[in-house]
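Participant: Sequence unavailable; structure follows:
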């Protein structure tokens, strides 16, 4: 769970002031995962609703409004997320949604439900409870389906005067072009390696582990921190490529199919890079098996992209993992 009272990472804090200085009723924060879309979006709405904000630091962190956001009860803030994200980040679900899940009528949704969006549209029409306007935070915005996105679009096109929106996305290209065009866009800044490593160490990650996990996640510090907290081992990461070459399913025994697909995509990327004489991004070159030909790697890459579309909802997770490892073994031991 992200602590809204914790200080912002330095590269996120530097982006907050310029965003607060600009006018607009809707922002789209975009970029790859692990760069701070959600903390920056939350910092924006905290500052918008704060009783005593500053131009550079944003919300004061001490007023009644800031406290209400910290305990997830602010009457002028509407948070739209998949129910899985809401639960993970400590945001309350609607009474009906919570009751349905508690009664085991359904599982928490991985998409932003259209019912929640309709509640948000109704929220936008209400009068501000505290007189400083209202805010709607949508994250990850790409988890809106077509119906949900169109419900939001109508409100973005004709926004009530005292409501502001911030959409945070890790795949903005998946959003409707009409939604993107109605938002002020901001691309998250990449921190440099030294800054990311220092931040990870400040979060309690060991120095050697920090550097290795940062490499494994492609330089994305929040992803690296999540991996460290989940117990991902830098040693296991370095052994992963050769485990796949041996067809060792135990290497992914504790992973979800989606995690396995994502990691195999990184392996495929690095093997394609080395096959072309470039430097690998996610693994050390010494950890990689001999690169097969570009033909098999290209076909494997396309197959992984196709599999990624259904990896979060597999028919049989165990069989999917075995199939993924088997396919990886075949590719890594091929030559043409």
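Facilitator: Received it, and whenever you're ready, just let me know what you need. The model shown is predicted, which means the values in this text are computed figures rather than measured ones.

Participant: Let me know the secondary structure of residue 136.
Facilitator: strand (DSSP: H, G, I helix; E, B strand; the rest coil).

Participant: can you pull the contacts of it?
Facilitator: The neighbours of residue 136, taking C-beta atoms under 8 Å, 6 or more residues apart in numbering as the test, are 77-80, 120, 123-124, 163-166. Bear in mind the C-beta positions are built from the backbone N, C-alpha and C, glycine included.

Participant: rerun that using 6 Å as the cut-off
Facilitator: With C-beta atoms under 6 Å, 6 or more residues apart in numbering as the criterion, the residues that contact residue 136 are 78, 120, 165.

Participant: Can you give me the distance of residue 133 to residue 267?
Facilitator: Residue 133 is 48 Å from residue 267, where distance means C-beta to C-beta, to the nearest Å.

Participant: Give me the more crowded residue out of those two.
Facilitator: Looking at residue 133 and residue 267 with other C-beta atoms under 10 Å, you find the greater number of neighbours at residue 267, namely 25 against 15.

Participant: so when I look at the more buried one, I'm seeing a helix, right?
Facilitator: Yes. Residue 267 sits within a helix when classified using three-state DSSP.

Participant: Excluding sequence neighbours, find me the nearest residue to it.
Facilitator: Using C-beta to C-beta, 6 or more residues apart in numbering and skipping residues adjacent in sequence, the residue nearest residue 267 is residue 241, 5.6 Å away.

Participant: Tell me which of the contacts of residue 136 fall in helices.
Facilitator: Secondary structure from DSSP state H places residue 120 of the contacts of residue 136 in helices.

Participant: could the contacts of residue 136 go into TSV alongside pLDDT and distance to residue 91?
Facilitator: Converted to TSV, these look like this (pLDDT from 0 to 100; distance: C-beta to C-beta, whole Å):
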residue	pLDDT	distance to residue 91
78	96	10
120	92	13
165	96	17
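
Participant: Compare the contacts of residue 136 and tell me which is most surrounded.
Facilitator: For the contacts of residue 136, neighbours were counted by other C-beta under 10 Å; the highest total belongs to residue 165, with 28 neighbours.

Participant: returning to that earlier point: check which helix or strand covers the residue nearest to residue 267.
Facilitator: helix 234-245 (DSSP states H and E).

Participant: Okay, domains of the protein per the record?
Facilitator: Structural domains of the chain, as assigned by automatic domain parsing, span the residue ranges 10-187, 233-332.

Participant: and of those domains, who's closest to residue 216?
Facilitator: Smallest distance to residue 216 across the domains of the chain (C-beta to C-beta): 5.0 Å, for domain 233-332.

Participant: Check the offset of that closest one from the chain's centre.
Facilitator: Here domain 233-332 is found 21 Å from its chain centre; the criterion is C-alpha atoms, centre = their mean, to the nearest Å.

Participant: Which residue ranges of this protein form strands?
Facilitator: Remark: strands assigned in the chain by DSSP state E are 26-30, 77-80, 134-138, 163-169, 184-187.

Participant: what lines up beside the fourth one in the sheet?
Facilitator: With DSSP bridges as the test, strand 163-169 is paired with strand 26-30 (parallel), strand 134-138 (parallel).

Participant: Quickly compare the ones you listed and say which is most buried.
Facilitator: Comparing these by mean neighbour count (mean count of other C-beta atoms under 10 Å), strand 134-138 ranks first with a mean of 26.

Participant: So residue 210 is in contact with residue 200, correct?
Facilitator: Yes. With contacts defined as C-beta atoms under 6 Å, residue 210 counts as touching residue 200 at a distance of 4.0 Å.

Participant: who touches residue 242 in this structure?
Facilitator: residue 289.

Participant: separation between it and residue 251?
Facilitator: In terms of C-beta to C-beta, residue 242 sits 9 Å off from residue 251.

Participant: what about residue 206, how many neighbours?
Facilitator: Using other C-beta under 10 Å: residue 206 sits among 13 other residues.

Participant: go on, residue 272?
Facilitator: 18.

Participant: Equivalent analysis for the one 4 residues further on, please.
Facilitator: Neighbourhood size, residue 276 [other C-beta under 10 Å]: 9.

Participant: Quick check: closest non-adjacent residue to it.
Facilitator: Leaving aside its chain neighbours, residue 276 sits nearest to residue 294 (7.6 Å; criterion: C-beta to C-beta, 6+ apart).

Participant: now residue 252
Facilitator: residue 260 (4.7 Å).

Participant: Now for that neighbour, how many residues are close by?
Facilitator: Counted by other C-beta under 10 Å, the residues lying close to residue 260 total 23.

Participant: which ones are touching it?
Facilitator: Counting by C-beta under 6 Å, 6+ apart, residue 260 touches 252, 321, 324.
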